[in-house]
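Colleague: Quick one: sequence plus predicted model below, questions after.
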Amino acid sequence: MGRRATKASDNIFYQARVEAMERNPVFSSREKASDLIGIDRTRLARIELSEIIPYQEEVKLIAQAYDKPELCHQYCATICPLGSITTKKIKVRNLDRLILNTLGALNDVADLKDSLIDISEDGLIDESEREEFRRILNVLSEISETAQSLELWARKNLSKWEG
């Protein structure tokens, strides 16, 4: 890629193509990339320049072509009107980091179970239990984020071993 598209530099689809180009020079031009993806070159340019929002099917095609499954998650978390409300943005981290986070999360589960049982005994969350319940929700959110990140790592890396 001779020149970098400065107008598109913060666009996730452009960044994904640049990363893919490092592994496969065919992605060095939008024209070649668009042929492989199956999207019109002009449409790909408009997507990378943030002039239009890609269709979900296009995001899936781009993610597959660039071997970047996390692109689908990023789309849902940041661009999709519904997903941006319900989906938390996560990053694919290194496996060693993910394993440590998973082990830490699993250690918290027994404590959470006991706290949830105590809180739910009377079927209500009273004033004295609200702070503990918020803490539980935060821990569960961290567990969910770690699990999703591990799943994205697996989607990206396990396909290389199976293919």
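Modeller: Thanks, I have it.

Colleague: which one in the protein is furthest away from the centre?
Modeller: Distance from the centre of the chain peaks at D122, with 38.2 Å (CA atoms, centre = their mean).

Colleague: Just list the residues touching that one, thanks.
Modeller: Not one residue lies near D122 by CB atoms under 8 Å, 6 or more residues apart in numbering. C-beta: built from backbone N, CA, C; applies to glycine.

Colleague: For the longest helix along the chain, name the packing helices and strands.
Modeller: The helix that spans the most residues within the chain, counting by DSSP state H, is helix 127-162. Where contact means 3 or more CB pairs under 8 Å, 6 or more residues apart in numbering; DSSP states H and E, helix 127-162 is packed against helix 70-78, helix 95-120.

Colleague: From L112, how far out is E131?
Modeller: 14 Å (CB to CB, to the nearest Å).

Colleague: Those two: which has the busier surroundings?
Modeller: The residue with more neighbours, out of E131 and L112, is L112; 16 against 9, by other CB atoms under 10 Å.

Colleague: Quick check, that one in contact with V139.
Modeller: Yes: here L112 reaches V139: they are 6.0 Å apart, a contact under CB atoms under 8 Å.

Colleague: related to what we said a few turns ago, need the helices and strands packed on helix 127-162 in CSV with distance to K89, can you?
Modeller: Converted to CSV, the helices and strands packed on helix 127-162 look like this (distance: least, CB to CB, whole Å):
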stretch, distance to K89
helix 70-78, 4
helix 95-120, 16
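
Colleague: and V59, which of those helices is closest to it?
Modeller: Closest of the helices and strands packed on helix 127-162 to V59 is helix 70-78, at 4.6 Å (criterion: CB to CB).

Colleague: Near G104, how many residues? Count them for me, please.
Modeller: Counted with other CB under 10 Å, G104 comes out at 12.

Colleague: for G123, that is, sorry about that
Modeller: G123 sits with 6 neighbouring residues when counted by other CB under 10 Å.

Colleague: One more: R135?
Modeller: 12.

Colleague: measure it to D111 for me?
Modeller: R135 sits 10 Å away from D111, going by CB to CB.

Colleague: now E145
Modeller: Where D111 is concerned, E145 sits at a distance of 18 Å (CB to CB).

Colleague: which one of the two has more residues nearby?
Modeller: Neighbours were counted for E145 and for D111 using other CB under 10 Å; E145 has more, 16 against 11.
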